[in-house]
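Q: Have a look; sequence and predicted model below, questions after that.
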Amino acid sequence: MAKYLLKLYIAGQTARTQQAIANLRSICDTDLSGQFELAVIDVLERPQLAENEKILATPTLVKELPPPLRRVVGDLSDRDAVLVGLDLAVWDKKDQARK
């Protein structure tokens, strides 16, 4: 299994950022089976990193490895959308239509 390199860009310690971190940790623990490295980057403390990565909104999750590079924006509460965004699942339009 490939090791995942994930970077979560947040803006300060707000309820929304804390929820995004908790949601991501839950997804990683459940679906990545310990095969991940996670960095949480506060754009208020390290604005140059956000500028270099062209982060326009927070929270933004960036999957750097394995390729291809992927981005997911939001509080990461929609587990299925996050898994699709990380290339860990295939979006099933029939399942979505039933929701």
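A: That came through fine. Residues are numbered from 1 along each chain as shown.
Q: quick one, longest helix in the chain?
A: Secondary structure of the chain read by DSSP state H shows that its longest helix is helix 15-31.
Q: what's the offset of it from the middle of its chain?
A: 8 Å (CA atoms, centre = their mean, to the nearest Å).
Q: same deal with stretch 11-29?
A: Distance, centroid of stretch 11-29 to centroid of chain: 9 Å (CA atoms, centre = their mean).
Q: And the helices in this protein, which stretches?
A: Taking DSSP H, the helices of the chain run over residues 15-31, 47-52, 79-85, 93-98.
Q: Include mean neighbour count, distance to residue 68 and mean pLDDT when you put those into TSV, please.
A: (Glycine included, C-beta is placed from N, CA and C.) Listed next are those as TSV, based on neighbours: other CB atoms under 10 Å; distance: least, CB to CB, whole Å; pLDDT from 0 to 100:
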stretch	mean neighbour count	distance to residue 68	mean pLDDT
helix 15-31	16	18	92
helix 47-52	12	19	94
helix 79-85	17	11	91
helix 93-98	7	22	46
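Q: Out of the ones you listed, the one nearest residue 5 is which?
A: Smallest distance to residue 5 across these (CB to CB): 11.7 Å, for helix 15-31.
Q: still on that earlier bit, residue 3 is nearest to which of the helices of the chain?
A: helix 15-31 (11.7 Å).
Q: Quick check: which helices or strands does the closest one pack against?
A: Contacts defined by 3 or more CB pairs under 8 Å, 6 or more residues apart in numbering; DSSP states H and E place helix 15-31 against strand 4-10, strand 36-42, helix 79-85.
Q: Which one of those lies nearest to residue 49?
A: strand 36-42 (5.6 Å).
Q: what distance separates stretch 4-15 from the centre of its chain?
A: 8 Å.
Q: No further questions, thank you.
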